[in-house]
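Chemist: sequence and predicted structure, then a few things I'm wondering about:
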Amino acid sequence: MIELQVLVYRIVTTALFFDFVNGFHDSANSIATVVGTLVLKPIQAVTMAAIANFIGPFVFGTAVAPTVGKGIIQPEFSTVYVIFAGLIGAIVWDLITW
């Protein structure tokens, strides 16, 4: 039981790290244009992106996530090890394509 608990903590930590890596990976797409053209100062652009990312799901919903998730993986195959491997793969992919 302790081993599973440690694994869950590692997965949560890895998920938080993925959020961080994915954030700086995608920030160039949403922030660099307005900062590079001097439309907004960097702090204004980051603040706007943070607010938009937070309220986006409340305003527009989360319909994309279930649509993308349908049929990609069968629920019975979704184990903690598969989730952990997926997070590691996503982090590596973000770093390679950055």
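Modeler: Sure, I can see it.

Chemist: which residues of this structure fall in strands?
Modeler: Counting by DSSP state E, one finds no strands in the chain.

Chemist: output the lowest mean pLDDT helix or strand found in it.
Modeler: Lowest mean confidence among the helices and strands of the chain (mean pLDDT, DSSP states H and E): helix 64-69, at a mean of 79.

Chemist: distance from the chain centre to it, please.
Modeler: 14 Å (Cα atoms, centre = their mean, to the nearest Å).

Chemist: same deal with stretch 63-75?
Modeler: For stretch 63-75, the distance to the chain centre is 16 Å (Cα atoms, centre = their mean).

Chemist: what does stretch 83-98 give?
Modeler: Centre-to-centre, stretch 83-98 and its host chain are 10 Å apart (Cα atoms, centre = their mean).

Chemist: can I get that stretch as CSV, trimmed to CA atoms?
Modeler: Output of stretch 83-98 as CSV, limited to C-alpha atoms (Å, rounded to 0.1, in the frame of the first residue of the first chain):
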residue,chain,number,x,y,z
ILE,A,83,-0.8,7.7,-16.7
PHE,A,84,2.8,8.1,-15.4
ALA,A,85,4.3,7.0,-18.7
GLY,A,86,2.0,9.3,-20.6
LEU,A,87,3.1,12.3,-18.4
ILE,A,88,6.8,11.4,-18.9
GLY,A,89,6.2,11.1,-22.7
ALA,A,90,4.4,14.4,-22.8
ILE,A,91,7.2,16.2,-20.9
VAL,A,92,9.9,14.7,-23.1
TRP,A,93,7.9,15.7,-26.2
ASP,A,94,7.4,19.2,-25.0
LEU,A,95,11.1,19.6,-24.3
ILE,A,96,12.1,18.1,-27.7
THR,A,97,9.8,20.3,-29.6
TRP,A,98,10.5,23.5,-27.6
